[in-house]
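[1] the sequence and its predicted three-dimensional model are supplied below.
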Amino acid sequence: MRLTTATLLLFVLFAAASARAQDIKVTSIDARPSYVGSEEHFTGTAIIDPLFSTTAHTRATGARVTFEPGARTAWHSHPAGQTLIVESGVGWVQEWGGKKRKIRAGDVIWTPPGVKHWHGATADQRMTHLAIQEAVDGNVVNWMEKVTQEEYESGLDSKEEKHEPEH
């Protein structure tokens, strides 16, 4: 009986020590410097603030992206999909073959896995969103061709969106 109790006690102590090895980790903002999105994947200026990356226990990555007026991503998809949370400003999101949709602060956008899309700011307002996606085999995004100016401007229906004066 003593052997069983001693074995159980050692097991509990080992488990407690193993659990303790995974302390809370705080990553300073200084350890995550901002950078400008590459010209290969963005049109215009997009400032990327990394928030978190995959770990041994998680597959998710996240970033805050601020698009200056007229800035946008290239067409792309995500192997596990993507969630965008618009923090400020006004922007656009468009699925390949679909209509361009206006997005505003407070909107949450879910793009399913493999769906080709782009997102960015309107022509006259900046837009900031949080982007959260999961890695599949170490990959979070599949970049494609850039969104043309014609694609960016297409689908505008109202005078406000076309920046035309009202009569």
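    Structure's in. What do you need?
[2] C-alpha from now on. contacts and neighbour counts both.
    Will do.
[3] helix, strand, or coil at Tyr152?
    Here Tyr152 is recorded as helix under DSSP: H, G, I helix; E, B strand; the rest coil.
[4] that one and Thr43, how far apart?
    Noted for Tyr152: a distance of 10 Å to Thr43, by C-alpha to C-alpha, to the nearest Å.
[5] same deal with Pro50?
    19 Å.
[6] same deal with Gln22?
    41 Å.
[7] neighbour count winner among those two?
    A direct count of neighbours by other C-alpha atoms under 10 Å for Gln22 and Thr43 places Thr43 higher, at 21 against 8.
[8] if I look at the more buried one, how far off is Trp143?
    13 Å.
[9] same check on Tyr35?
    In terms of C-alpha to C-alpha, Tyr35 sits 18 Å off from Trp143.
[10] more neighbours: these two, which one.
    Trp143 (16 against 12).
[11] for the more buried one, phi and psi?
    Dihedral angles of Trp143 (phi, psi; degrees, to the nearest 10) stand at phi -80, psi 150.
[12] surely it is in contact with Phe42?
    No. Between Trp143 and Phe42 there is no contact under C-alpha atoms under 8 Å: 10.1 Å.
[13] and Val90, what helix or strand is that in?
    strand 82-95 (DSSP states H and E).
[14] who does that strand pair with, and is each partner parallel or antiparallel?
    strand 101-104 (antiparallel), strand 108-111 (antiparallel), strand 117-121 (antiparallel), strand 127-134 (antiparallel) (DSSP bridges).
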